[in-house]
Every structure is written in C-alpha cells, then in structure tokens.
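>>> Predicted structure and sequence below. I'll ask about it afterward.
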Amino acid sequence: MLAIKEISKIDDKEFWLRKIGESDWSAAKYLYSLLCDGTFYDLCGAESKVFLLTEGCELISFCTFSKTDDILDTVLTPWIGFVYTFPAFRGKKRVGKLIELIYLYAKKEGYKNIYVSTDQKGLYEKFGFKFFQKMKDRRGEMSLVYKMDIEIKDYSDIIGLRVKGKVDRPLGSCHPRHKDMIYPINYGYVENIIAGDGAEQDVYIFGTTAPIECYEGKVMAVLHRLNDVEDKWIVSLDDKNYSNEEILSAVSFQEQYFMSELYR
C-alpha cells in the first residue's frame, strides 16, 4: 500500500536515508549528503520538509518543501525541490501524490503559489505547473522556474444537488483501456451536464455494494483534479455522510494517478 512519510518524523530514518542515497541522480546524492551531515535545514530553512512516497520497503519517489531553493536572489516562496522518482516506478505520475500533499499543506499555510526550479521542459506541466520565467541559480546558471497557483474553488451550487444518470463502469468491471484496473465502486455520469473534458460529467457513486445500471442521488462532494481538465462528483444514494477518508480510499484505485483536492 502506498504511504507518504516525512523523514524527520519516522523511526527508521537511517533506512530511508540510505534509500535516497541509492538514487542515480547527482542532486539526490547531494540531498543525501545534506541530510546526513545536518546542513539541509540550514540551507533550505528550519521548517523545510522531506517527503517520501513508499510502498512497503520500497522508496518510489521523494521531494522537498522549503522556503528557499537554488534560486537565491528572489522573494518567491515556497519551493518544491529535489523531485525524483526511481526508474522502476516512472510513467505513472507517482510523485504527483507528494506534490498534491505539498499543495494542500501550502494552501493551509496561506500561500498563493508554489514554485519549482528545473532544467526540464515538459515535465512539471503534467503536474499543473506553468512556466514562470528564467532565473539564475546558485551556480550562476539559468534555470527554468515554474509556478503553480493555489486555487480556492466554489462548488456551493453543485454540492447538495440531486442528479441522475447512467453507470457505464459498474462495480466489478474493468477500465476500458487499463484492464488491470477493476472498479470497486460504481462509476457513471450525469445526464445532460458537460464536464471540462467535453463529455458528460463523471461521478463516483456511493451507497450500494452491488453493480447498478442507473442511479439517482445527491452530490455530497467534488473531487477537483489539480492536473486535469475535469472534476469528479461524489454522489450518495443513501444520503449517508461519508467521511473524507472513506471517499478518498474508495476512489484511490483510479485517483492515485492524479493530483486532487476534495471539496465538501
């Protein structure tokens, strides 16, 4: 099972430090040395954090969250840095779950944007970032700086709405393109309401443990995808007030590949 850890708050810190050190990326080895000799927090700020995405004893991805990064002469803050996914786990946007966590944390702290400095084009756009400008890094070289805006959405006209529609992917069925993805929950759409992708609005349907063909229920939440053009509506058939944990757990089979924020 996927888990997110913050390295300063785990008991087996040395084990996970060694995992970071096993990376084939020179910047990751530099992070490893900073953490080992205790200078990471001096360099990046006392409140900086190192997040790890793990599965069992495997380290999948890691990245940092800090007030400062390798762009020195700037008031821009906060930063995501040292973003890395091990080769065996690439291609599924796994590190997006760490960026999602940082986005939500930064939002809670009152920030309006988050930044990342990189030499990679076409990478951070996949996680909702947009190119901001070129800036000089610590070495005096030009770096590409990307920015992600922190949004405050208003779904008050949707949450509580009664909707109906059809179920095109019933509980127990498989994804039409990814046959190894089995739906543990009914998934359908709202008739005559068009979503951001130009198709009818998708919904996850709670309140039944059996596959169904159609539904009618109340929208109890909206899952806003941070790196996609469409949201997912969460519909309850039984008016039960499902917890955030119950909702996120039930939809994680598919949403683990996206960054999102749940609005109630």
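Noted; the coordinates are in hand.
>>> For the nearest residue to Ile20 once chain neighbours are set aside, what are phi and psi?
Among residues not flanking Ile20 along the chain, Tyr32 sits closest, at 4.8 Å (CB to CB, 6 or more residues apart in numbering). In this view, the C-beta of every residue, glycine as well, is placed from N, C-alpha and C. As for Tyr32, its main-chain torsions (degrees, to the nearest 10) stand at phi -60, psi -40.
>>> Quickly note the distance from Tyr32 to Phe62.
Distance of Tyr32 to Phe62, computed by CB to CB, to the nearest Å: 10 Å.
>>> more neighbours, these two?
Phe62 (25 against 19; other CB atoms under 10 Å).
>>> What are the boundaries of the helices in the chain?
Using DSSP state H, the helices of the chain run over 13-21, 26-37, 40-44, 96-108, 244-255.
>>> Looking at the fourth one now, give me its mean pLDDT.
Which is helix 96-108. Confidence for helix 96-108, expressed as mean pLDDT, is 97.
>>> Show me what counts as buried in that helix.
Residues 96-104, 106 are the ones in helix 96-108 that count as buried (16 or more other CB atoms under 10 Å).
>>> The residues you listed into TSV, with extra columns for distance to Asn241?
As requested, the buried residues of helix 96-108 are exported to TSV (distance: CB to CB, whole Å):
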residue	distance to Asn241
Gly96	28
Lys97	26
Leu98	29
Ile99	29
Glu100	24
Leu101	25
Ile102	29
Tyr103	26
Leu104	21
Ala106	28
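>>> From those residues, pick the one nearest Asp168.
Gly96 (25.7 Å; CB to CB).
>>> how near is that closest one to Phe258?
7 Å.
>>> any common contacting residues for those two?
Asn227 (CB atoms under 8 Å, 6 or more residues apart in numbering).
>>> my read: Lys232 touches Ala221, true?
No: Lys232 is beyond contact range of Ala221, at 9.2 Å (criterion: CB atoms under 8 Å).
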